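> Provided below are the primary sequence and the corresponding predicted coordinates.
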Amino acid sequence: MDKVSKEIYEWIEHVITPRDELGAMCICPFAKQAKVSISHTTLSDITPKEGVDVAIFVVNDDISFDALIDARNELNRKYKEYIFLEDHMNDPSYINGVQSNFGKANLILCQKRDELLRARNTLGKTEYYEYWSKEMYRSIVHG
């Protein structure tokens, strides 16, 4: 396993660890049981992966935050049954003071739309989003 993939698995451990700052919840409550794939690729070669809950694409392109957002938007337009989320290494994100992004490489994450929306709906019935800033909620949920 390459260094970045190993670090991504360590980051997944970080996002599934319950935090006092998040009301004893973790950054991503559904990540613990998720089947994950990690691929190193260019933006132009990203396509959804079947048989996994979350496909994580390590973007090899040297790309700005705005260009990564544009690529995410294009992928979301092209593949309507999926939701793509960006994670730019130079744009740290925090939930109530806890860093939530990977921060060591640029990533695109891909999940099936219906499953992600179902998970968001479930979390919306808890206090989970109360720890998020309005900006982060708007960025992630309304992207």
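Arrived safely. Residues are numbered from 1 along each chain as shown.
> only C-alpha atoms from now on, for both contacts and neighbour counts.
OK.
> in the sheet, who's paired with the spatially closest residue to Arg113 that is not a sequence neighbour?
Using Cα to Cα, 6 or more residues apart in numbering and skipping the chain neighbours, the partner closest in space to Arg113 is Tyr82 (4.4 Å). Assessed by DSSP bridges, Tyr82 has beta-bridge partners Lys112.
> now for Tyr82, how many residues are close by?
18 (other Cα atoms under 10 Å).
> now do Asn73
What Asn73 shows, counting by other Cα under 10 Å, is a neighbour count of 16.
> and the helix or strand of the chain with the lowest mean pLDDT, what does it pack against?
When each helix and strand of the chain is scored by mean pLDDT, DSSP states H and E, helix 134-141 comes last, with a mean of 84. If contacts are counted by 3 or more Cα pairs under 8 Å, 6 or more residues apart in numbering; DSSP states H and E, helix 134-141 sits against no helix or strand.
> ok now it, how far from the chain's centre?
13 Å (Cα atoms, centre = their mean, to the nearest Å).
> one more: stretch 83-97?
The answer for stretch 83-97 is 7 Å, by Cα atoms, centre = their mean.
> which outside residues touch that stretch?
21-22, 27, 65, 68-69, 72-73, 75-76, 99-113, 116, 131-133, 136, 140, 143 (Cα atoms under 8 Å, 6 or more residues apart in numbering).
> so where's the protein uncertain?
143 (pLDDT under 70).
> which stretches of the chain form strands?
Counting by DSSP state E, the chain has strands at residues 36-41, 54-59, 82-87, 94-95, 98-99, 107-112.
> quick check: closest non-adjacent residue to Leu109.
Ile56 (4.6 Å).
> actually Ile46, sorry about that
Spatial nearest neighbour of Ile46, excluding adjacent residues (Cα to Cα, 6+ apart): Phe57 at 7.3 Å.
> what's the answer for Phe102, then?
Per Cα to Cα, 6+ apart, closest to Phe102 is Trp11, 6.3 Å.
> that neighbour reaches Ala105, doesn't it?
No: Trp11 lies out of contact with Ala105 (Cα atoms under 8 Å); the separation is 11.7 Å.
> coming back round to it: now for the residue nearest to Arg113: which residues touch it?
By Cα under 8 Å, 6+ apart, Tyr82 lies in contact with Pro48, Asn76, Cys110, Gln111, Lys112, Arg113, Asp114.
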